[in-house]
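# sequence first, predicted model second:
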Amino acid sequence: MPPNYTQLPTTNRQPPTDDRAKGLEEDEGFVLKKLFLYIGLIVLLFFVWLGFELFEHLGAVVSYPSCGQKLADVAPGFSTEGPPDLTNYVDLQTLNSEQLDLDNPHRRIIMVGDLHGMMHSFDNLLDVLKYNSTDDLVIHLGDITAKGPHSNELVTRFAKEAVVGVRGNNDQKVIEWYAWFEWVKSHEHGDLFLHALFGQRITPSQAKSQKLWKTLKYSYPKEWDWGGDHWNVARNLSPEDFQYLSSLPLVIHLPSIHTFMVHAGLLPMDPAHHLRSGVQPLAHAPESLPENPTVEDIKRARNEQELSLLTDIEPNRNPFLKLNMRDVHDLEPTRRGPGDHEDNVPWSELWNSVIKRCKGFNSTDSGEKSRFSSQDTSLDDEVLLRPESDVSQLRQRKPLPCHPITVVYSHASGRGLDLKKWSKGLDTGCVNGDGLTAMVLGKGRHKPHPPRKHGKELQQSAWPNDDDDERDVEVRFGENMRARLVSVSCPTPPPIELARNPTKKKD
């Protein structure tokens, strides 16, 4: 008998319908969406946390305050301490007769124009001069940094040798960049902030485009050149190098030879007032001068009057003008050259037009100071500075109760070797592939010179033969001295490879 199998009930197993399949897919999609949502929330919370950490460390946006503006005015609620004075100006250094030591028959004072990191050309010039560190005193006229290939090496060398010199406009930009770096590093995590910008090649403009700059604390004037040559030189300065640069004065005074040394220029009068105004230092003898002065009285009075040019003439109190001035335009000093305004008057022409009228403290007929009072307006500033006026006519006008003063400067390479009786411009454009010039006083050349019966003093804007590798000539200097001018040719420097995003160079 066959076995009796109980038949199990069969189920109606049909494939799922389209609606059911769609529902299963929706369930799976929902789970994935929740998963991504959770992951997104976790990532979002992480970045929120990170943002609070960065904000705590770096703070809110603070713009670097402009001159005379308080940090609290720029960012209310932020610390009023703010950045320090980034300019680090030193107004004046005086080298007395003992420091110059021109009575020493072996002594030489070597004044050299803009170097701009052209160290090999400088060494070549010293070789031509047969430089002796024991007897010779080198004084540079500023702008030893930027544009050339060995700026940092030259600063380090000058710092170690304590070379005397004045500050140039390019040196000033390097000083301010370094001071800004130090200000940033003085804050908590400031060094990490700079490392992020330097090490990761992030510039402020890039950070701003990535919307990161708003979280950063440290800003600077918009006219500064991030990633440019001055920035790069400042990045590579040692503290000792910075100390040397920031110790350079704006003006050096050599009272024993009645000379100022400055990078760009000085004015002999305040253009806002006529020449015989009581505010003009050269319009009256110093009040301290006695009626019957001795030689020592006159020496002290001359020194007093010379220093008053720096303190009593408003443009000469402006550090920017002493670093940048080239011309006088519309009665105002300007950094622009004659190519910008054809009616500009070079400041050196104004200087010589006034100084050549200095005939001594007893140069008046009656000896009374009232002759030079502010009521005398026969020669006002507008006549003096008007380009179409004949400067030579000033010789026929009344003398001034002052003694002559010489200015030695650099800065204006476009004018080349700019030699006038009472001003000597020594920037001959070495960094442009032209020449490097030194003016040498001493070693028998500071003796009174005999009158020249024939010919004229060298009063030119270039050397007679620009093809010469070396040039050597003597010129008159001051009241009774002669100077030797020596120049060597400079090679055109190779392009400078900047560390980050080089931008257009400025003078």
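Thanks, I have it.
# going by C-alpha atoms from here, please, whenever you check contacts or count neighbours.
OK.
# low-confidence ranges, the stretch 201-350 of the chain, go.
201-219, 330-331, 335-342 (pLDDT under 70).
# just the strands in it please.
Secondary structure of the stretch 201-350 of the chain (DSSP state E, counting those that start in this stretch): strands at 251-254, 259-262, 327-329, 332-334, 345-346.
# just for this structure, where's the confidence low?
1-30, 48-84, 199-219, 330-331, 335-342, 363-397, 444-470, 495-507.
# still on that earlier bit, can I get the strands of the stretch 201-350 of the chain in CSV with distance to residue 483?
Below are these laid out as CSV (distance: least, C-alpha to C-alpha, whole Å):
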stretch, distance to residue 483
strand 251-254, 15
strand 259-262, 13
strand 327-329, 26
strand 332-334, 29
strand 345-346, 23
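# between the ones you listed, which one is nearest to residue 402?
strand 259-262 (14.1 Å; C-alpha to C-alpha).
# can you list the buried residues in the closest one?
259-262 (16 or more other C-alpha atoms under 10 Å).
# farthest pair within those?
So, the buried residues of strand 259-262 by C-alpha to C-alpha: farthest apart are 259 and 262, at 9.9 Å.
# who touches both of those two?
407-408 (C-alpha atoms under 8 Å, 6 or more residues apart in numbering).
# ok, residues contacting stretch 279-294?
Defining contact as C-alpha under 8 Å, 6+ apart, one finds that stretch 279-294 is touched by 268-270, 273, 275-278, 297-298, 301, 304-305, 308-309, 312-313, 358, 361, 369, 372-373, 400-402.
# take the residues you listed and keep only those in helices.
In helices, defined here by DSSP state H, the members of these are 297-298, 301, 304-305, 308-309, 312.
# of those residues, closest to residue 480?
residue 298 (17.2 Å).
# nearest residue to that closest one other than its sequence neighbours?
residue 289 (7.1 Å; C-alpha to C-alpha, 6 or more residues apart in numbering).
# nearest spatial neighbour of residue 178, skipping sequence neighbours?
Using C-alpha to C-alpha, 6+ apart and skipping the chain neighbours, the partner closest in space to residue 178 is residue 234 (4.9 Å).
# what does residue 356 give?
Nearest to residue 356 is residue 404, by C-alpha to C-alpha, 6+ apart, at 6.9 Å.
# one more: residue 416?
Spatial nearest neighbour of residue 416, excluding adjacent residues (C-alpha to C-alpha, 6+ apart): residue 428 at 4.7 Å.
# that neighbour and residue 417 touch, don't they?
Yes: proximity of residue 428 to residue 417 meets the contact threshold set by C-alpha atoms under 8 Å, at 5.7 Å.
# which one's more surrounded, the two?
Higher neighbour count among residue 428 and residue 417: residue 428, with 32 against 26, using other C-alpha atoms under 10 Å.
# from residue 270, how far off is the more buried one?
29 Å (C-alpha to C-alpha, to the nearest Å).
# now residue 423
Distance of residue 423 to residue 270, given as C-alpha to C-alpha: 18 Å.
# so which of those two has more stuff around it?
It is residue 423, of residue 423 and residue 270, that has more neighbours when counted by other C-alpha under 10 Å, with 25 against 22.
# tell me the SS of the closest residue to the more buried one other than its chain neighbours?
What sits nearest to residue 423 in space, not counting adjacent residues and going by C-alpha to C-alpha, 6+ apart, is residue 407, at 4.7 Å. Taking DSSP: H, G, I helix; E, B strand; the rest coil as the rule, one finds residue 407 in the strand state.
# ok, now which ones touch residue 407?
With contact set as C-alpha under 8 Å, 6+ apart, residue 407 has these partners: 259-262, 265-266, 422-424.
# and it, what are its bridge partners?
Beta-bridge partners for residue 407, by DSSP bridges, are residue 260, residue 423.
# all helices for the stretch 1-150 of the chain, in order.
18-58, 71-74, 97-100, 119-129 (DSSP state H, counting those that start in this stretch).
# what is the burial count for the residue nearest to residue 97 when sequence neighbours are not counted?
Residue nearest to residue 97 in three dimensions, not counting chain neighbours: residue 256, with 5.4 Å by C-alpha to C-alpha, 6+ apart. Residue 256 has 15 neighbouring residues, counting by other C-alpha under 10 Å.
# ok, residue 256 touching residue 94?
No: proximity of residue 256 to residue 94 does not meet the contact threshold set by C-alpha under 8 Å, at 10.1 Å.
# list of residues touching stretch 265-275?
Under the criterion C-alpha under 8 Å, 6+ apart, residues 279-283, 309, 313-316, 321-326, 331-332, 347-348, 350-351, 354-355, 377, 379-382, 407, 409 lie in contact with stretch 265-275.
# who are the contact partners of residue 414?
Counting by C-alpha under 8 Å, 6+ apart, residue 414 makes contact with 428-429.
# related to what we said a few turns ago, nearest to residue 230 among the contacts of residue 407?
Of the contacts of residue 407, the one sitting nearest to residue 230 (C-alpha to C-alpha) turns out to be residue 262, at 20.7 Å.
# from residue 45, how far out is the closest one?
As for residue 262, its distance to residue 45 is 60 Å (criterion: C-alpha to C-alpha).
# residue contacts, residue 251?
By C-alpha under 8 Å, 6+ apart, the residues touching residue 251 are 91-93, 166-167, 260-263.
# on that earlier part again, ok, the residue nearest to residue 356 touching residue 477?
No: applying C-alpha under 8 Å, one finds residue 404 not in contact with residue 477, separated by 11.2 Å.
# tell me which of these two has more neighbours.
Counted by other C-alpha under 10 Å, residue 404 and residue 477 do not tie: residue 477 has more neighbours, with 24 against 20.
# helix or strand: which one has the spatially closest residue to the more buried one that is not a sequence neighbour?
Excluding the flanking residues, the one nearest residue 477 by C-alpha to C-alpha, 6+ apart is residue 483, at 5.8 Å. Residue 483 belongs to strand 481-489 when elements are defined using DSSP states H and E.
# and that strand, what's buried?
Neighbour-count burial for strand 481-489 [16+ other C-alpha under 10 Å]: 481-489.
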